[in-house]
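In: my questions are about this predicted structure, shown below with the sequence.
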Amino acid sequence: MTRRTQWIVFLVLLAACGDGDLEQLEQEAADCPELPPVRLGAAPSTAVLLNAYYLQDEAARDVRGGQAESPVLEETLAKAAALGAWGVRIHGFNDGPDKQGVSTIQLAPGVYDETSLRGLDRVLTRAAHHGVRLIVTLGNSWDAYGGARQYVAWAGLPEPQEGDPRFFTHREVIGLYKQHLVTLLSRVNAWDGIRYGEHPAVLGWELLNEPRGAGLDREGEAMRAWVDELAAVVKAQAPGHLVGTGEEGFDVSREGYDEAFWSGVPPASLFEASTSFRRNTASPLIDFGSAHFYPERWGIPSEATARSGARWISEHAALASQLGKPLFLGEFGLRNEGHFPLDERRALYRGWLRCAWRAGVGGIAPWMFAPDSRPEAWDDFTFYFRDGTAPEDPSNRYADLLIEAAGRAGTR
C-alpha cells in the first residue's frame, strides 16, 4: 500500500467514525481550567519534548564499533528539531549486566566502561550541536538497564526485586547510588571537554525514572527524605541545572485533587501510593513537578480516559504552580494496539496537548519517539516522523500534532 493510499484509507476511517464523536472526545480531553504558565527553565511555556531513552545505548554501540557518527542519534536529534521539539528526555544510566561489553556504563559499583561513557558524551555533544536540550534520567525504578534491583544486589542484600523499597532506605544502597551520581556528574566529556554538571545541553536531571517505593510508609515521608538527600547531591554537582524527581504523579490521598471525580474513577491506588507528588514537589531542592499518564496501564476505564487525562494534567499543574514550580509531564501514551483506534488516540492527544497549554504546563513529552529503523512492535506506544513522509501521514501517528503543539508553545 502506498503512502497516498494509506492516507486516503485513514481519512475514510476518520469520516466513518463521525467527526462529532471525535470532536467530543477532543473537547473532553482539553477541558482544563486556564492557569498562568510556569516555564521549565529557559524553555517556552508548554514546551514539547520527545522521549528517546535509547540514545546512549545506540551511541555507545557506534563508538565501540569505531564509527565517527551515530546514525540513530543524528536522525533522532534532527527530527526532534524538525518537529519543533524543544528537547529530548533520555536515559543517563546503563547498569544492565546483559549489556556489558556493549553499552553498560557501570559494570560494578564504581567500575565504569569508558567506551560506554563516551556514548553518553557523544549524546550531550551532538544535542548541543543540534540546539536540542536534554532532560536526563539518572536511574531506573524498573529492571530495564539495571534499575533499583541492581543496586540492591550490589549491596549484597537478599532477594533483590524490581523497584525494591530498600533502594530508598538502606544506607549502603543509598551510598552506592550517591557515589555514582557524583562520579557521573563530575565527568568531563571526552568530546567537548565540558563537565556534565555544567553541560549546556542539559536542561535538567531526574533522580529516578518512576520511583514508587511500594512498601514504604503510607504518608510518603521515606520517599521525601530520599528525594531531599539525593537532590542535594545533584544540586551540589550541577548547580546550574534543574532537578526533578521523575515520578508518575501518584499521591497518598485525594487531598488537593478533584475528590468527587477520582472517587468514581478506579483505580484507587493512584492515591494510595508510598510516594506523594505534593510532598515531593514541595522539596526546596526540587525545581519542577514530575508526572506521567498511562490510563490503560493504570486501569482507568476507557469512557473516563479523556476527562481523567484532563484532570491529571491540570490538577498536577495547579499543585505545582501553587508551589511556584512548573509541571513536566515527562511521559504519556495510549497503546497502538489498545482500546482506542488511531483517530481516537489522535483526538485524545490533541486534546491533552491543548489542555497542557491551557493549564500552563512547563513541558510535555509523549512516549515514545522511534527512529525509522525501529519496528512497529518495538514498543506499545511508538510513533515516527518517517523519512520522505509528510508529518500528517498516518504512519507517523502524531508528528503533525506535535508540530501544532510546538507552534503554540510560548504563546502565553
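Out: The structure has been received and is ready for your questions.

In: which SS class is the nearest residue to Phe340 once chain neighbours are set aside?
Out: Distances taken as C-beta to C-beta, 6 or more residues apart in numbering place Leu334 nearest to Phe340, at 5.4 Å, with adjacent residues excluded. Where you see a C-beta, it was placed from the backbone N, CA and C, and this is true even at glycine. Classification of Leu334 using DSSP: H, G, I helix; E, B strand; the rest coil returns coil.

In: and the pLDDT for Leu334?
Out: Looking at Leu334, its pLDDT is 98.

In: repeat that for Thr5.
Out: At Thr5, the model reports a pLDDT of 45.

In: hey, where'd the strands end up in the stretch 301-412 of the chain?
Out: Assigned by DSSP state E, counting those that start in this stretch, the stretch 301-412 of the chain shows strands spanning 327-332, 363-364.

In: report all helices and strands that the last one contacts.
Out: In this structure, strand 363-364 packs against strand 47-51, strand 327-332, helix 342-358, with contacts taken as 3 or more C-beta pairs under 8 Å, 6 or more residues apart in numbering; DSSP states H and E.

In: now these in a markdown table, with distance to Pro109 and mean neighbour count?
Out: Listed next are those as a markdown table, based on distance: least, C-beta to C-beta, whole Å; neighbours: other C-beta atoms under 10 Å:
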| stretch | distance to Pro109 | mean neighbour count |
| --- | --- | --- |
| strand 47-51 | 28 | 26 |
| strand 327-332 | 28 | 28 |
| helix 342-358 | 39 | 24 |
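
In: go through the ones you listed and name the closest to Leu185.
Out: strand 327-332 (19.6 Å; C-beta to C-beta).

In: quickly run through the sheet partners of the closest one, with directions.
Out: Using DSSP bridges, strand 327-332 pairs in its sheet with strand 289-293 (parallel), strand 363-364 (parallel).

In: how close does Asp251 get to Ala60?
Out: Counting by C-beta to C-beta, to the nearest Å, the separation of Asp251 from Ala60 is 37 Å.

In: between these two, which one's more packed in?
Out: Neighbour totals were compared for Asp251 and Ala60, and Ala60 leads with 27 against 23 (other C-beta atoms under 10 Å).

In: do I have it right that the more buried one meets Asp121?
Out: No. Ala60 is beyond contact range of Asp121, at 9.7 Å (criterion: C-beta atoms under 8 Å).

In: turn the helices and strands packed on strand 363-364 into TSV, including distance to Ala370.
Out: As requested, those are arranged in TSV below (distance: least, C-beta to C-beta, whole Å):
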stretch	distance to Ala370
strand 47-51	10
strand 327-332	15
helix 342-358	16
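
In: and those: which comes nearest Pro366?
Out: The nearest among these, by C-beta to C-beta, is strand 327-332 at 5.8 Å.

In: off-centre distance for the closest one?
Out: Taking the mean of its C-alpha atoms, strand 327-332 sits 6 Å from the chain's own mean (C-alpha atoms, centre = their mean, to the nearest Å).

In: run through this protein and note the low-pLDDT ranges.
Out: Within the chain, the stretches with pLDDT under 70 are 1-18.

In: that one: helices as residue ranges?
Out: Using DSSP state H, the helices of the chain run over 3-17, 19-29, 55-64, 71-82, 114-130, 147-154, 171-186, 221-237, 259-263, 277-281, 295-298, 305-322, 342-358, 399-408.

In: can I get those in JSON lines including distance to Phe328?
Out: Compiled in JSON lines, those are given as follows (distance: least, C-beta to C-beta, whole Å):
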{"stretch": "helix 3-17", "distance to Phe328": "31"}
{"stretch": "helix 19-29", "distance to Phe328": "19"}
{"stretch": "helix 55-64", "distance to Phe328": "19"}
{"stretch": "helix 71-82", "distance to Phe328": "16"}
{"stretch": "helix 114-130", "distance to Phe328": "17"}
{"stretch": "helix 147-154", "distance to Phe328": "21"}
{"stretch": "helix 171-186", "distance to Phe328": "20"}
{"stretch": "helix 221-237", "distance to Phe328": "15"}
{"stretch": "helix 259-263", "distance to Phe328": "22"}
{"stretch": "helix 277-281", "distance to Phe328": "11"}
{"stretch": "helix 295-298", "distance to Phe328": "19"}
{"stretch": "helix 305-322", "distance to Phe328": "9"}
{"stretch": "helix 342-358", "distance to Phe328": "10"}
{"stretch": "helix 399-408", "distance to Phe328": "15"}
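
In: most centrally placed residue in this protein?
Out: Gly330 (3.4 Å; C-alpha atoms, centre = their mean).

In: how close does it sit to Thr115?
Out: As judged by C-beta to C-beta, Gly330 and Thr115 stand 29 Å apart.

In: over to Val227?
Out: 32 Å.

In: again with Pro109
Out: With the distance defined as C-beta to C-beta, Pro109 ends up 19 Å from Thr115.

In: check Gln100 too.
Out: 11 Å.

In: residues near Pro36, how many?
Out: 9.

In: might one say that it is in contact with Ser321?
Out: Yes. Shown here, Pro36 and Ser321 form a contact pair, counting by C-beta under 8 Å, at 7.0 Å.

In: shared neighbours of these two, anything?
Out: Gly360 (C-beta atoms under 8 Å, 6 or more residues apart in numbering).

In: follow-up on the earlier one: run through the residues that contact the residue nearest to Phe340.
Out: Applying C-beta under 8 Å, 6+ apart, we find Leu334 in contact with Pro295, Glu296, Thr305, Phe340, Arg345, Leu348, Tyr349, Phe381.

In: show me the contacts for the third one.
Out: Taking C-beta under 8 Å, 6+ apart, we find Thr305 in contact with Pro295, Glu296, Leu334, Phe340, Leu348.

In: ok, the first one touching Arg307?
Out: No. Taking contacts as C-beta under 8 Å, Pro295 lies outside contact range of Arg307: 10.4 Å.

In: more crowded one of these two?
Out: Legend: neighbour count by other C-beta under 10 Å for Pro295 and Arg307, higher for Pro295 (24 against 17).

In: any idea how far the more buried one lies from Arg335?
Out: Distance, Pro295 to Arg335, using C-beta to C-beta: 10 Å.

In: repeat that for Thr169.
Out: Counting by C-beta to C-beta - Thr169 and Arg335 are separated by 34 Å.
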